[in-house]
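Fold the following and give me the result.
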Amino acid sequence: MEKTIELLKELTQTVGVSGCEENIAALLKKKLSLYGDVTVDSMNNVFCTFGEGYHFLLDAHLDEIGLIVTDITDDGFIKFSNCGGIDARPLPAMEVSVWGREEVKGVISTLPPHLQSASDEKKIPKLSELAIDTGLTKDKLEKLVALGDRITFKCNFTPLLNGLVSASCLDDRSGVAAILMCLDELKNLGCKVTVMFSSQEEVGTRGAKVGPYAKSVDEAISVDVSFAFTPGCDKSECGELSKGAMIGFSPILDKEISRKLVDAAEKNSIPYQCEIMSGRTGTNADVISISEKGIKTALISIPEKYMHQRVEVVDTADVESVSRLICAYIKERIGDVNA
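Residues are numbered from 1 along each chain as shown. Have a look, this model is predicted:
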């Protein structure tokens, strides 16, 4: 558990907003260099390939949601828009970092309750109504910040009780962690593995649309997060935190792989739960499955509370269950292929 916590802390404290993933890509390139040949393409997808034989693609996206600078006002405020699926409700009074020529810290403006009208109290703010206060004048800001620079929320990594952790981009750095944690075992299994830590998922699964081309993989597993139940949610549409890996079943997913993932989980006493989807999954699996001539694709998700908030929560035991399930499934699958 402690190693998982430390890995998640390192991954979530490295910046990588969609379209500007250079920092997290550099970190993952270094980590993957222990296992095989590492490349980074023009989209900031990071690949590592090792082994020979039946070819598995393991995918998790490395980017995170954030904001993008759209204007610097005459009175020194930074205007912004979204970069990915942002919930505007908690933004007022939030601490942020603007990643220009150097990190510039700021806070998002808000009206004190004393000055709010009755209608203000009920209103969800529009992004166009908000601004970032850094304390700098326009002249000083323009020397440090340019239009198009990315903005992240303050990186709060908080270990909770019972192995739970909270951070702002566990979607999908927890998926990245699950794959990293199984590579030591996979490199000795007698198969070929390509790891794809894909870019720009939060703005339209763009990295995964091009990443699998020319890789000639036999099948793929995408790892992402999915909804864990919290008060106010429909239990039938959610998984449960601390109940293990969420194995996806959907018309776009390969049902044979999904069933074999269940078999591997049961055979190896790995906690799991099934996630039933009627169509698209909203993950990279949607586009990987129709890459090249079509790729048999499965989806394993990590249950997560408070998705796309700066206080996302996962259970490290669930991350570990996903990692163990990937290894167990690939061992079983290699046996089937070579039988």
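
going forward, measure contacts and count neighbours with C-alpha atoms only.
Fine.

show me where the stretch 201-339 of the chain has strands.
Secondary structure of the stretch 201-339 of the chain, counting by DSSP state E, counting those that start in this stretch: strands at 219-227, 245-249, 272-276, 296-304, 312-315.

what's next to the last one, contact-wise?
The set of residues external to strand 312-315 that reach it, using Cα atoms under 8 Å, 6 or more residues apart in numbering, is 163-171, 241-242, 302-306.

Could you export the strands of the stretch 201-339 of the chain as a markdown table, including mean pLDDT and mean neighbour count?
Shown next, in a markdown table, are these (pLDDT from 0 to 100; neighbours: other Cα atoms under 10 Å):
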| stretch | mean pLDDT | mean neighbour count |
| --- | --- | --- |
| strand 219-227 | 96 | 25 |
| strand 245-249 | 97 | 27 |
| strand 272-276 | 96 | 19 |
| strand 296-304 | 97 | 28 |
| strand 312-315 | 96 | 24 |
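
In JSON lines, list those along with distance to D286.
Shown next, in JSON lines, are the strands of the stretch 201-339 of the chain (distance: least, Cα to Cα, whole Å):
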{"stretch": "strand 219-227", "distance to D286": "10"}
{"stretch": "strand 245-249", "distance to D286": "12"}
{"stretch": "strand 272-276", "distance to D286": "15"}
{"stretch": "strand 296-304", "distance to D286": "9"}
{"stretch": "strand 312-315", "distance to D286": "23"}
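
of those, which approaches C155 most closely?
Of all those, strand 312-315 sits nearest to C155, with 11.4 Å by Cα to Cα.

and the closest one, how far from the chain's centre?
Strand 312-315 sits 12 Å away from the centroid of its parent chain (Cα atoms, centre = their mean, to the nearest Å).

quick revisit: which among the contacts of strand 312-315 gets closest to E2?
Distance to E2, by Cα to Cα, is smallest for G163 among the contacts of strand 312-315, at 8.6 Å.

The closest one: neighbour count?
By the criterion of other Cα atoms under 10 Å, G163 has 16 neighbours.

need the contact list for it.
For G163, the contact set (Cα under 8 Å, 6+ apart) comprises M1, D315, T316, A317.

E10 versus that one, what's the distance?
Here G163 is placed at a distance of 16 Å from E10 (Cα to Cα, to the nearest Å).

if we can go back for a sec, just the contacts of strand 312-315: which are in helices?
Members of the contacts of strand 312-315 lying in helices (criterion: DSSP state H): L170, D171.

Name the member of the contacts of strand 312-315 with the most neighbours.
That'd be I302 among the contacts of strand 312-315, by other Cα under 10 Å, with 36 neighbours.

Verify the stated contact: L160 with S166.
Yes: the pair formed by L160 and S166 meets the contact definition of Cα atoms under 8 Å, at 7.1 Å.

remind me which residues of the stretch 201-339 of the chain are low pLDDT?
Low-confidence segments of the stretch 201-339 of the chain, defined by pLDDT under 70: 339.

which residues of the stretch 51-200 of the chain score low on pLDDT?
Counting by pLDDT under 70, the stretch 51-200 of the chain shows low-confidence ranges at 111-123.

What ranges does it have for its helices?
Assignment of helices within the stretch 51-200 of the chain using DSSP state H, counting those that start in this stretch yields the ranges 118-122, 138-142, 170-186.
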